[in-house]
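1. I would like the atomic coordinates for the input below:
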Amino acid sequence: MITEPVVDLKLAKELGLTEEEFQKILDTLGRMPSYTELGIFSVMWSEHCSYKNSILQLKTLPRSGGKLLVSAGEENAGLVDIGDGLAVAFKIESHNHPSAVEPYQGAATGVGGILRDIFTMGARPIASLNSLRFGKIDDDEESITNRSKFLFKNVVKGVGDYGNCFGVPTVSGEVYFEECYHDNPLVNAMAVGIVKHNETASATAEGVGNPVFIVGSSTGKDGIHGATFASEEISEESEAKRPSVQVGDPFTEKLLLEASLEVIRSGAIVGIQDMGAAGITCSSSEMSAKGKCGMEINLDLVPLRDENMSAYEIMLSESQERMLLVAHKGKEQVVKDIFTKWDLNVVEVGKVIAEDRIKISYKGKLEADIPADILVLGGGAPVYKRETKEPEYLKQTRVFNTDEIKEPKDLNEVLIKLLESPNITNKRWVYEQYDTQVRTNTALMPGGDASVIRIKKTKKGLAMKTDCNSKYTYLNPYVGGMIAVCESARNVVCTGAKPLAITNCLNFGNPYNPEMYYQFVECVRGMGDACRYLDTPVTGGNVSFYNLSRDYAVFPTPTIGMVGLLEDIDKMMTSYFKNEGDTIIILGKDKYEIGGSEYLSRIHKQIKGNAPGLSLEDEKKLCDTVLDLIDKGLINSAHDIADGGLAVALAEACVMNREKQTGCEISIKVNGRNDFAMFSESQSRIIISCGKKSEKKVLEVLNKSGVDFEIAGVVKGNKLKINDFIDTDVSRINGSYFNTIQKIMENN
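-> Take a look at the predicted model:
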């Protein structure tokens, strides 16, 4: 027999609730809650489920407009019209803390969870992306390096194994390594799917008497940890309360995908929702609140892996590959037949009721009776505005005199060192572990500015990218937030795609720390301003707080997932130089900014200064101009100048096409130091190349655009030559750029 603890204020605080929140529970129920009810409140009022410390800021983002079919937060994922009766569903979420506990399963279940959010919309997943952050893997201190390598290796394997087995191509992403992520790796998973407008599904419950089903895997004790940190909220004080590991099964998920899409198309269901964070608790309350109704659920009927489970454990279990669905009364057999065919559990566990209550019974006892609306985001869940304070560290980082930075004698060696930086070097070691071509829709592979998926039976393609430079957001949260949006848009534009909308995964420290909350507020403000200017509304996303330990707090990391539309995939553009004799033109203005640059960090061991400046007007003009050039078929390549600056971008454009690498000769005006000109990370810059026959028309477009540009050189030979200070063989660039990660990981 399971003995439940005494419910009181002390227990409520242990479960993460404040005294005020506990009092609100007493006032709502008019009595002392049961242990199960207290657990339900604790998870639903956690930051991970209620967004209580972030929702006021998130509401400042542009969450409607553009081609959005549903506003942010209305469904499991965003939905954007792409024409021809089709919509793209996409979302990004974090699985940071589970990945710190058990990197393989933490990453794998993160991928599984975000895929379920896509196909519960009725959309078939067509692509998976990720954004990963770890501690240093090339540090001088072996203990630091070994832990980071362990996390890196197993997270990548978890991402790859789940996606590969499920059968979705992992096509794009980013990987960064900074000391601040040593204890708290960031594992952000994104998924993209396609659905016809008339085949979408909703996460809602309606219709009194309609049956409620649990489908998919059985329920176990996965993710239950006796605290309200809901898999993500692990603060310095709660290290001992880390969640038990969730275990994923991609083969079951594949069956669940097919069964879910079939049952949605059958018309037999009212709504369906993934049992993600907080399991049955979250899905039952959110679906009920959305439909302005309630549910009665009998936990005796829930398929269990462990028969010795309490009501508390069943309600809070985060076992994977499970859905809650509401069927139309009289269509029960249709639902049962579909899931039985796919060899999955399909059990009717309750019904929809008119009363706004979640009523949970187990072993003849009413374990919970709670108003649904009081539990959820947008209903009665607590909402807070936390104190902000500009971080003290900014006073030190902004005291930065570039004259104190010693100019290197050999810029060739600097370039090679930057190409070998784990933050810049090609991530071939990562993406070659992923199946990037399953379903045969991948038109542009990983390794360039963004990836592109073709949409079969149409001429369309979708470009997609994840992006965030967290050194910028650390040094200037507002500008860094803007840059994260703009760079992701720029990457998509370089493929010829028009940016449509973003999803975001906001990874920060403790919201109760005024300096960390300041970072959050300012990043969101910057993101919002950029999204409004570029007309890329926010479809939804995820907030992950408490990414800190006793020794480290992560840089503020607002990861942006951007999706863009190519109306004609035949016009898709790539990043690399193609033809001997092509003219190379640099678009945008170099302001010789090295604050927050990889050059300053890697070569001079400093993360100081300010983030590069950003003009949203210049960014919009640049993107519109490049899209115009690509649409008119005037250019042969387009590549964003980003981490490492101009010299790195030119080197990449020389070698990214491994089948036909080429050199180039560049002659540009330098109005300051040579090293700053080569490695500045000034924003809103793109390198394009064009044939001699189209050069005149390209210049006509550029002269009318108002975009700063400079004819810089020519594609030629087998060396990268820039003025008289860089002269490096393409073969050397190739070795440094493509082989560094593998060498580091093999050096145990």
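2. ignoring the adjacent residues along the chain, who's closest to the most centrally placed residue in the chain?
-> Among the residues of the chain, the one closest to the centroid is residue 92, at 3.9 Å (C-alpha atoms, centre = their mean). Leaving aside its sequence neighbours, residue 92 sits nearest to residue 190 (C-beta to C-beta, 6 or more residues apart in numbering; 3.9 Å). Placement of C-beta: from N, CA and C, glycine included.
3. isn't that neighbour right up against residue 125?
-> No - contact criterion C-beta atoms under 8 Å: residue 190 and residue 125 do not qualify, at 10.7 Å.
4. compare the two (neighbour count), which wins?
-> Higher neighbour count among residue 190 and residue 125: residue 190, with 30 against 24, using other C-beta atoms under 10 Å.
5. just checking, what packs against the strand or helix carrying that one?
-> Element membership for residue 190 (DSSP states H and E) is strand 186-196. Under the contact definition 3 or more C-beta pairs under 8 Å, 6 or more residues apart in numbering; DSSP states H and E, strand 186-196 sits against strand 86-94, helix 96-101, helix 103-119, strand 124-134, helix 142-166, strand 461-467, strand 498-507, strand 557-566.
6. now do 7 Å
-> strand 86-94, helix 96-101, helix 103-119, strand 124-134, strand 461-467, strand 498-507, strand 557-566 (3 or more C-beta pairs under 7 Å, 6 or more residues apart in numbering; DSSP states H and E).
7. compare the ones you listed and give me the one nearest residue 522.
-> strand 557-566 (10.0 Å; C-beta to C-beta).
8. what angle sits between that closest one and strand 86-94?
-> For strand 557-566 against strand 86-94, the angle by axes from the mean of the first three to the mean of the last three C-alpha atoms, to 10 degrees is 170 degrees.
9. pull the CA atoms of the helix or strand just after strand 557-566 into CSV?
-> Counting by DSSP H and E, the element after strand 557-566 in chain order, helix or strand, is strand 583-587. What follows is strand 583-587, C-alpha atoms only, in CSV (Å, rounded to 0.1, in the frame of the first residue of the first chain):
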residue,chain,number,x,y,z
THR,A,583,32.4,38.2,-60.0
ILE,A,584,32.3,38.4,-56.2
ILE,A,585,30.4,41.3,-54.6
ILE,A,586,30.1,42.0,-50.9
LEU,A,587,26.7,43.5,-49.8
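10. and the residue nearest to residue 92, what's its pLDDT?
-> According to the prediction, residue 190 has pLDDT 98.
11. try residue 661
-> For residue 661, pLDDT reads 97.
12. please name the nearest non-neighbouring residue to residue 212.
-> Leaving out its chain neighbours, the residue that sits closest to residue 212 by C-beta to C-beta, 6+ apart is residue 350, at 4.2 Å.
13. the strand holding residue 190 to strand 557-566, inter-axis angle?
-> Using the same axes, to 10 degrees: strand 186-196 against strand 557-566 is 30 degrees.
14. quick one: contacts of the helix or strand just after strand 186-196?
-> Counting by DSSP H and E, the element after strand 186-196 in chain order, helix or strand, is strand 211-216. The contact list for strand 211-216 (C-beta atoms under 7 Å, 6 or more residues apart in numbering) reads 252, 256, 295, 297, 302-303, 321-327, 329, 332, 335, 339, 344-352.
15. again with stretch 571-584
-> 443-444, 448-449, 452, 461, 494-496, 566, 630-631, 633, 636-639, 653-654, 656-657, 662, 664, 666, 687, 689-692, 695, 711-716.
16. got it, and stretch 295-311?
-> Against stretch 295-311 from outside (C-beta under 7 Å, 6+ apart): 2, 4, 36, 205, 212, 214, 218-221, 284, 288, 314, 345, 347, 349-353, 358-363, 367.
17. of the residues you listed, which belong to strands?
-> Counting by DSSP state E, those place 212, 214, 345, 347, 349-353, 358-362, 367 in strands.
18. follow-up on the earlier one: identify whichever of the helices and strands packed on strand 186-196 lies nearest to residue 183.
-> With C-beta to C-beta as the criterion, residue 183 lies closest to helix 96-101 of the helices and strands packed on strand 186-196, at 7.0 Å.
19. for the closest one, what is the average pLDDT?
-> pLDDT averaged over helix 96-101 gives 94.
20. which strands or helices does that helix pack on?
-> So helix 96-101, by 3+ C-beta pairs under 7 Å, 6+ apart, packs with helix 103-119, strand 186-196.
21. now the longest one - C-alpha only, PDB.
-> Written as PDB, here are the backbone C-alpha positions of helix 103-119 (Å, rounded to 0.1, in the frame of the first residue of the first chain):
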ATOM      1  CA  PRO A 103      22.000  12.900 -22.600                       C
ATOM      2  CA  TYR A 104      21.000  10.100 -25.000                       C
ATOM      3  CA  GLN A 105      17.500   9.600 -23.800                       C
ATOM      4  CA  GLY A 106      17.100  13.300 -22.900                       C
ATOM      5  CA  ALA A 107      17.800  14.300 -26.500                       C
ATOM      6  CA  ALA A 108      15.900  11.400 -28.000                       C
ATOM      7  CA  THR A 109      12.700  12.200 -26.100                       C
ATOM      8  CA  GLY A 110      13.100  15.900 -26.900                       C
ATOM      9  CA  VAL A 111      12.900  15.000 -30.600                       C
ATOM     10  CA  GLY A 112      10.000  12.600 -30.000                       C
ATOM     11  CA  GLY A 113       8.000  15.200 -28.100                       C
ATOM     12  CA  ILE A 114       8.300  17.900 -30.700                       C
ATOM     13  CA  LEU A 115       7.400  15.500 -33.500                       C
ATOM     14  CA  ARG A 116       4.200  14.600 -31.600                       C
ATOM     15  CA  ASP A 117       3.300  18.300 -31.400                       C
ATOM     16  CA  ILE A 118       3.500  18.400 -35.200                       C
ATOM     17  CA  PHE A 119       1.400  15.400 -36.000                       C
END
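22. let me know how buried the residue nearest to residue 212 is, in neighbour terms.
-> 25.
23. could you measure from the residue nearest to residue 597 when sequence neighbours are not counted over to residue 475?
-> Ranked by C-beta to C-beta, 6+ apart and with sequence neighbours excluded, the top spatial neighbour of residue 597 is residue 681, at 4.6 Å. To residue 475, residue 681 is 12 Å away according to C-beta to C-beta, to the nearest Å.
24. how far away is the residue nearest to residue 92 from residue 453?
-> Taken as C-beta to C-beta, the span from residue 190 to residue 453 is 13 Å.
25. go on, residue 486?
-> 23 Å.
26. okay, those two: which has more neighbours?
-> A count of neighbours by other C-beta under 10 Å puts residue 486 above the other of residue 486 and residue 453, at 31 against 26.
27. now the more buried one: closest residue in space, sequence neighbours ignored.
-> residue 619 (4.8 Å).
28. just for the chain, where's the confidence low?
-> 1-2, 225-244, 748 (pLDDT under 70).
29. surely residue 279 and residue 318 touch.
-> Yes - using C-beta atoms under 7 Å, residue 279 is in contact with residue 318, at 5.2 Å.
30. and these two? Which one has more around it.
-> residue 318 (29 against 25).
31. leaving out the residues flanking it, which one is nearest to the more buried one?
-> Using C-beta to C-beta, 6+ apart and skipping residues adjacent in sequence, the residue nearest residue 318 is residue 223, 2.9 Å away.
32. quick check, the one you found in contact with residue 246.
-> Yes - counting by C-beta under 7 Å, residue 223 does reach residue 246; the two are 4.9 Å apart.
33. now do the shared contacts for these two.
-> In contact with both residue 223 and residue 246: residue 318, using C-beta under 7 Å, 6+ apart.
34. quick one: the strands in the stretch 601-748 of the chain, in order.
-> All strands of the stretch 601-748 of the chain, identified by DSSP state E, counting those that start in this stretch, fall at 637-640, 664-666, 686-690, 709-715, 719-722, 726-729.
35. with mean neighbour count as extra columns, can I get those strands in CSV?
-> Shown next, in CSV, are these (neighbours: other C-beta atoms under 10 Å):
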stretch, mean neighbour count
strand 637-640, 26
strand 664-666, 21
strand 686-690, 25
strand 709-715, 19
strand 719-722, 22
strand 726-729, 17
